[in-house]
Structure formats: C-alpha cells, structure tokens
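Asks: Just to be clear, the model below is a prediction. Sequence and coordinates:
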Amino acid sequence: MPAGEAFSGRQLEAIERALRQAEKSSGLSYSVFVGDTEGDPRAAGRRLLGALGPKADQHVVSVVDPSHRDLAILAGSKAAYHLDDRATALAAMSMTSSFAAGDLAGGIIDGLRTLAEHARQPRTLHFDEV
C-alpha cells in the first residue's frame, strides 16, 4: 500500500523523526517497509537489505505487512553485532502490541526506539599512560 494510504502527514513526520533519532543514538541505519510482502516478510527483508549493497552491513530493516499481520526485523552483519535476538524480539513485541491496538505508526515508532536503545554502543573510558 502506498504510504499515503496508511499514514497521515503528521504520522509520517513522527516516523521520520524516530528514524533520525534511532540513527543518531545508535550509529546504525534504519528502514521501515510497510505494505504487502507477497509472501514471507523475512524474504522481503532480505531482498531490501540486499538492495542496499555495501550499506547493508550497518542497516536494520523492519518489514510490516498489515494485511497479513506479519512483521520481520532483519539486521545486517555489523548491525547484528549490536542487536541480538533478544533486542529484536523486544522491539517486535512492542510493535505488535501497538499494532493490535490499531496504532500502526505508534508501533513503528516504539519499535525504532526499542531497537535504538538496545543498539547503543557502550561508552568506554580511555586513559593515557604517562
């Protein structure tokens, strides 16, 4: 479905803002696909990651198929280093809870926030030896 059918202008702005915030706080790149996946959403996510070429390593793709009530979250190889299965499962639970309540945009935003929170790189202290 075209994005204009699923979201209002305000909702699109909120999703875009959540994408920027997630990228800023985690250092990873994020994409969200909403629409008919014509089958397995994981396969659609793999195709989307593959289309990113060399940028796919640092990318996290969320695929939401509202008509089939399907969701998949896939991470490129470097992104997966920072996002384990537990983190993506938490994001998926957050998203599906909102989806079940009829809030598609809110679910996407909550999922992006959850992913970014868990993908933050730990702060390190560097000490110079004298």
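Replies: Yep, it's here.

Asks: Bridging across strands, which residues link to Val64?
Replies: Val34, Leu71 (DSSP bridges).

Asks: Which pLDDT value goes with it?
Replies: We note a pLDDT of 95 for Val64 in this prediction.

Asks: What of Gly4?
Replies: 50.

Asks: what about the longest helix in the chain?
Replies: helix 9-26 (DSSP state H).

Asks: Go through that helix and flag the buried ones.
Replies: Gln11, Ala14, Ile15, Ala18, Leu19, Ala22, Glu23, Ser26 (16 or more other Cβ atoms under 10 Å). Glycine gets a C-beta too; all of them are placed from N, C-alpha and C.

Asks: residues making contact with that helix?
Replies: Residues outside helix 9-26 that contact it (Cβ atoms under 8 Å, 6 or more residues apart in numbering): 3, 7, 28-32, 82, 105, 108-109, 112-113, 115-117, 119-121.

Asks: Buried ones among those?
Replies: Buried among the contacts of helix 9-26 (16+ other Cβ under 10 Å): 7, 28-32, 82, 105, 108-109, 112-113, 115-116, 119.

Asks: Those residues: which two are farthest apart?
Replies: Based on Cβ to Cβ, the longest span within the buried ones among the contacts of helix 9-26 runs between Phe7 and His82 and measures 27.9 Å.

Asks: ok, Ser77 to Leu28 distance?
Replies: Counting by Cβ to Cβ, to the nearest Å, the gap from Ser77 to Leu28 is 12 Å.

Asks: Can you redo the buried residues of helix 9-26 as CSV, where the extra columns are pLDDT and distance to Asp40?
Replies: Formatted as CSV, these follow (pLDDT from 0 to 100; distance: Cβ to Cβ, whole Å):
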residue, pLDDT, distance to Asp40
Gln11, 95, 27
Ala14, 96, 29
Ile15, 96, 24
Ala18, 97, 26
Leu19, 96, 24
Ala22, 95, 25
Glu23, 94, 27
Ser26, 91, 27
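
Asks: All good on my end, thank you.
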